[in-house]
Structures are given as C-alpha cells and as structure tokens.
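Q: here is my input; please provide its structure:
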Amino acid sequence: MTTVKQENAAMHNDNMQQADTLRGALEALLFVSDEPVTSSQLAKILNHDLVDVDEALRQLAESYADEDRGFQLREVAGGWRMYTHPAHAAVIEAYVLSWDTRKLSQAALEVLSVIAYKQPVNRAGINAVRGVNSESVVSSLIEKGLVRELGREAGAGNAILYGTTNTFLEKFGLRSIEDLPPLKDFAPDEQTQASIRRRLGVDEEARPGGFDDLSPEAIAEEAESVQSSTQLLAPADEQIDTPSEAADSAASDGDGLSDDDDLRIVD
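A: Now for the predicted structure:
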C-alpha cells in the first residue's frame, strides 16, 4: 500500500523531472535563436505556463552565472538570448577577426550615437551635432537594421524622425535605451568646455546654459552665425569651414561603412 509520504516523494520527482525537461527545451530553443525571444513566445511554443517559463529562464541564467560558464543568458530588448561570457572577449575577438574583419566605420558609429541619445531626431539634428551631411550614413544604418523611421515631425516640412531598433539593443546588450551610459560620463572637463565656448564665441552671460535649451535646428542656425562672424578672425591655416564647405566634406564619409560593408560586435 502506497503511503502519503511515498506519493509526495513521487510527485516531487515528477515535478523535478518536468522542470528539468522545461529547462532543456528552453536551452535548445535559445541556442538556435538568432534574436531575443520573449517569455510569452517560449511559453506558447512549449505549451507551458508563462510563470513556469519565467522561473525556468531565471534559474538557467543564475545557474550559468554560478557555474561561471563560457556563456550567459541575458534579458535584452524585451526577450532572452544566449551570449558569450565577457571574460572570454579577447579570445573570441581573436577568433572572429581571423575570418571577419568587417565593422562599422567611425562615421557610422558617430551617427548611431547621436540617434541613440537624441531620438527621436531628424537629419538636420544629426547634421548639427556632427557638422557634416549624414544622409548616406543614416541610410546605411537603416539597411543594417540598427536605425528606423519613427514618424514625422508635426511642424512645417514634416521631417522624418529617426530612432534605434530592437536589433540595436540586442547587438549592444541593452534592455532598453535607459541602459545607455549617461552622457555626462563622456563630457569634457570644465577647462575644455570653456575652451570650446570661447572658440565658438558663445556669450556666457547671454546663454549661461550653452546650447542645451536649443532645438537641433536652432543649434545649426547659431553655429552658422558663429562661423560667419568668426571666419575672418581665424588664422589662415586654421580657417573655419562654412556650412557649404562642411556639406562638401560629407563626401569623405561615404556611406559610413568600411569596405567590407557589415557589422561586427563582440560581446
């Protein structure tokens, strides 16, 4: 005759076996996924309760971390995906470089940074920050799936507004845009800022906050005004480009990508 204790033990073993089976199935699905998969998607595929799937995913992530495995399970861009462990980045980079040297160019990284931090932003706003025409670079980033059109401005001109995509979050290992490092971490020191303001001829008393309260279009207008007023004061070997000269120099950016037109990011 089966006792209550034996029945409980058997039920516990069944539950443990089901949990192990669920974790194994989740691992298999995540290994073959080339993009983050949401908990709800996994629960639907496996016909399991969402709560059980969420718990299993967190158990897997914790077990990989506790065992210091060569890979990690991370929650990024609203879903879950397997990544290599950052501790092995140097080895992975050396291996990947042996067969793939393609990456984003400096121009593409600059435009991507502007869009990531200023989104939603139009092309005029991007150009105002970089000082050169960035149209072809933006187009290349859209083709790469890192940037997308968010809509159009309500004002005159109905300029297209750009922002980053879930692919961007996935490639850079971010859960959301809020996970971007604060810009203040990269800001120049006070002495450098003062030097920049003097070079641009910014009136500290008239505009103590610098350009923070201006729209990208207003920044472009003010920069053009400053350039016009300071052009004659600059030494011959240190002439400041006029807006038209800056636009002409955009040709040097090309499409913002290196010759091998692809993206390489190593975790």
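Q: so the closest residue to Q59 other than its chain neighbours versus L46, what's the distance?
A: Nearest residue to Q59 in three dimensions, chain neighbours excluded: R23, at 6.7 Å (Cβ to Cβ, 6 or more residues apart in numbering). Every C-beta, even on glycine, is put in place using the N, C-alpha and C of the backbone. Going from R23 to L46 by Cβ to Cβ, to the nearest Å gives 11 Å.
Q: repeat for L141
A: 35 Å.
Q: the two: who's more crowded?
A: Neighbours per residue (other Cβ atoms under 10 Å) separate L141 from L46, with L141 holding more: 27 against 16.
Q: A strand includes the more buried one, no?
A: No: if the criterion is DSSP: H, G, I helix; E, B strand; the rest coil, then L141 is helix and not within a strand.
Q: doesn't R148 make contact with it?
A: No: L141 sits out of contact with R148 when judged by Cβ atoms under 8 Å, with a separation of 9.2 Å.
Q: neighbours of T164, how many?
A: By other Cβ under 10 Å, neighbour count at T164 equals 22.
Q: if I pick it, what's in contact with it?
A: Residues counted as contacts of T164 (Cβ atoms under 8 Å, 6 or more residues apart in numbering) are L112, I115, A116, Q119, L146, V147, R148, I177.
Q: and those residues, which is closest to F31?
A: Distance to F31 across those (Cβ to Cβ) is lowest for L146, with 24.3 Å.
Q: distance of H48 from P36?
A: The gap separating H48 from P36 is 18 Å, by Cβ to Cβ.
Q: neighbour count: these two, which is higher?
A: P36 (21 against 17).
Q: now the more buried one: closest residue in space that isn't a chain neighbour?
A: Once flanking residues are discounted, P36 sits nearest to G79: 2.9 Å by Cβ to Cβ, 6+ apart.
Q: quick one, phi psi at the one you found?
A: phi -140, psi -170 (degrees, to the nearest 10).
Q: mind pulling up the pLDDT for it?
A: Per-residue confidence for G79 comes out at a pLDDT of 93.
Q: for it, give me its contacts.
A: Going by Cβ under 8 Å, 6+ apart, the list of residues near G79 reads E35, P36, V37, T38, S39, Q41.
Q: using PDB, write out every CA atom in the host helix or strand of R74.
A: Element membership for R74 (DSSP states H and E) is strand 71-76. Provided in PDB are the C-alpha atoms of strand 71-76 (Å, rounded to 0.1, in the frame of the first residue of the first chain):
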ATOM      1  CA  PHE A  71      28.200  31.800 -22.000                       C
ATOM      2  CA  GLN A  72      25.400  33.700 -20.300                       C
ATOM      3  CA  LEU A  73      21.600  34.000 -20.700                       C
ATOM      4  CA  ARG A  74      20.600  37.700 -20.700                       C
ATOM      5  CA  GLU A  75      17.300  39.500 -20.900                       C
ATOM      6  CA  VAL A  76      17.700  42.100 -23.600                       C
END
